[in-house]
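K.L.:
prediction below, plus the sequence it came from.
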Amino acid sequence: MDTVMELLYRATRTDNPLEAHGPDSAYAREHAIRREIIRSLLESMTMEQKVKFDEYGLADNRAREILNLESFCQAFHLGAQLTAELLQGGNGFLR
């Protein structure tokens, strides 16, 4: 049986989410749809609109990074709390 650390390492060791989810996954299908919509949208935009769209994309990425960090911190704290409780006997959790 794998340890939790081994499972987490394997789950996050690729930088390409398509590799982690596979080409036939729901993520891959949604990614392809999104890519096609953006391509179509960009083809219909003026240069000024494209600049604004790029600015929006950068702001959206920064906001997502903040939310991702907050989610990671919350999950880390939850895991630390769970570990502490288990080490202290788990209040019946291990029975």
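P.N.:
Ah, there it is.
K.L.:
so the chain: which segments form each domain?
P.N.:
15-44, 47-95 (automatic domain parsing).
K.L.:
if you average pLDDT over each of those domains, which is lowest?
P.N.:
Here the lowest mean pLDDT among the domains of the chain goes to domain 15-44, at a mean of 83.
K.L.:
buried set for it?
P.N.:
residue 21 (16 or more other C-beta atoms under 10 Å). Using the backbone N, CA and C atoms, a C-beta is placed for each residue, glycine as well.
K.L.:
how far does that domain sit from its chain's centre?
P.N.:
Relative to the centre of its chain, domain 15-44 is centred 14 Å away, using C-alpha atoms, centre = their mean, to the nearest Å.
K.L.:
now stretch 60-76
P.N.:
Using C-alpha atoms, centre = their mean, the offset of stretch 60-76 from its chain centre is 9 Å.
K.L.:
helix or strand for the residue nearest in space to the middle of the chain, which one?
P.N.:
For the chain, the residue nearest the mean C-alpha position is residue 68 (6.9 Å; C-alpha atoms, centre = their mean). Element membership for residue 68, per DSSP states H and E: helix 47-87.
K.L.:
for that helix, packing partners?
P.N.:
Counting contacts by 3 or more C-beta pairs under 8 Å, 6 or more residues apart in numbering; DSSP states H and E, helix 47-87 is packed against helix 26-43.
K.L.:
from memory residue 28 sits against residue 34, does it?
P.N.:
No - Residue 28 lies out of contact with residue 34 (C-beta atoms under 8 Å); the separation is 10.8 Å.
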